[in-house]
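> A predicted structure for the sequence below; I have some questions about it.
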Amino acid sequence: HVAARELAEDAIRRSPISPQGLRALGVVESAPGGSAERALAIMTEAQRLSRRELQTQIWWIESFLRAGDLPAVMRQFDVALRSASGGRDTLFSLLATAAADPRLAEPLKERMLSDPHWARPFMEHMIDSGLNPVRTVYFAQGFLDASKPDDLQMLDTLVQNLGALREYDLAWQVFTGFGLRARSRNGGVALLVDGGFETSSDHEPFAWVLSEEGDLWAARQQAPKGREGQVLGLVAHSGRSGEVARQLVRPG
């Protein structure tokens, strides 16, 4: 502890306006045996000098988390994501972990709805990581709009990832809640998407998933002469057999 303090103080003497040196000293002071009051003063000065220093921002986030001041946690995340230099993936991972606390989830969603520049990349991070499916769906609701192509692509990925995680109820919630569920020709809700293999539907697993193995695969192709539309063409080599097309249905 003493040696670390001496090294940090020496760094500050050599560069008194270095936020890195102040941050190092603040970390030392916040450790057992140090002065919490002095650590707070040092880290306040470090942040005043530069908000681009990532580790200083993380220290403040962790400090507010320990104190249970969740509104301050959210404000600090917003400051860090707007100003810190690099480390966005680290901040996203911390934010996703912190969002498991329901007390933080609501203010985080409110902040996302104001559409700061980091909100959509964070939404993509939540979808791709698959670490907290319930929270991911919660954040998507009201934030993503299926009428926008980029958002629709994110919803597509979300439904597929939820299916891969066997979170079928959540996948169905997104599939129906965002209006992705197919409609039958008579206007009712279709239980089977594209039963005639006429179109390449998205939103797996509630659409056809076709086999693409080297010796067993399926593909849509033009119907034989004399017939209209498309059919499912199958290819099997070396005596192969098995599943070539599947989709998940839920009676409703």
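Noted; the coordinates are in hand.
> the biggest helix by length in the chain: how far from the chain's middle?
Counting residues, the longest helix found in the chain (DSSP state H) is helix 149-164. With C-alpha atoms, centre = their mean, to the nearest Å as the basis, helix 149-164 stands 11 Å off its chain's centre.
> do the same with stretch 64-73
The chain centre lies 22 Å from the centre of stretch 64-73; the measure is C-alpha atoms, centre = their mean.
> what's the span of it from first residue to last?
6 Å (C-alpha to C-alpha, to the nearest Å).
> helices of the stretch 51-200 of the chain, residue ranges please.
Along the stretch 51-200 of the chain, counting by DSSP state H, counting those that start in this stretch, helices occupy 54-67, 70-83, 88-98, 102-113, 119-129, 133-140, 149-164, 168-177.
> may I see the buried residues of the longest helix of the chain?
By 16 or more other C-beta atoms under 10 Å, the buried positions in helix 149-164 come out as Asp151, Leu152, Met154, Leu155, Asp156, Leu158, Val159, Gln160, Asn161, Leu162, Gly163. Bear in mind the C-beta positions are built from the backbone N, C-alpha and C, glycine included.
> for that helix, packing partners?
helix 119-129, helix 133-140, helix 168-177 (3 or more C-beta pairs under 8 Å, 6 or more residues apart in numbering; DSSP states H and E).
> now tabulate those helices in TSV and tack on mean pLDDT.
Below are the helices and strands packed on helix 149-164 laid out as TSV (pLDDT from 0 to 100):
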stretch	mean pLDDT
helix 119-129	95
helix 133-140	96
helix 168-177	88
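> now these in JSON lines, with mean neighbour count and distance to Arg103?
Output for the helices and strands packed on helix 149-164, formatted as JSON lines (neighbours: other C-beta atoms under 10 Å; distance: least, C-beta to C-beta, whole Å):
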{"stretch": "helix 119-129", "mean neighbour count": "18", "distance to Arg103": "18"}
{"stretch": "helix 133-140", "mean neighbour count": "20", "distance to Arg103": "13"}
{"stretch": "helix 168-177", "mean neighbour count": "18", "distance to Arg103": "22"}
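> distance to Ala84 added to those helices, as JSON lines?
Converted to JSON lines, the helices and strands packed on helix 149-164 look like this (distance: least, C-beta to C-beta, whole Å):
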{"stretch": "helix 119-129", "distance to Ala84": "14"}
{"stretch": "helix 133-140", "distance to Ala84": "21"}
{"stretch": "helix 168-177", "distance to Ala84": "31"}
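> and those: which comes nearest Thr199?
helix 168-177 (16.8 Å; C-beta to C-beta).
> neighbouring contacts of that closest one?
Helix 168-177 is contacted from outside by 133-134, 137, 140-141, 155, 158-159, 162-163, 180-181, 203, 205-206, 248, 250, using C-beta atoms under 8 Å, 6 or more residues apart in numbering.
> need the helices of the stretch 51-200 of the chain in JSON lines (columns: distance to Lys225).
As requested, the helices of the stretch 51-200 of the chain are exported to JSON lines (distance: least, C-beta to C-beta, whole Å):
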{"stretch": "helix 54-67", "distance to Lys225": "65"}
{"stretch": "helix 70-83", "distance to Lys225": "59"}
{"stretch": "helix 88-98", "distance to Lys225": "55"}
{"stretch": "helix 102-113", "distance to Lys225": "54"}
{"stretch": "helix 119-129", "distance to Lys225": "44"}
{"stretch": "helix 133-140", "distance to Lys225": "46"}
{"stretch": "helix 149-164", "distance to Lys225": "35"}
{"stretch": "helix 168-177", "distance to Lys225": "37"}
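> alright, I will stop here.
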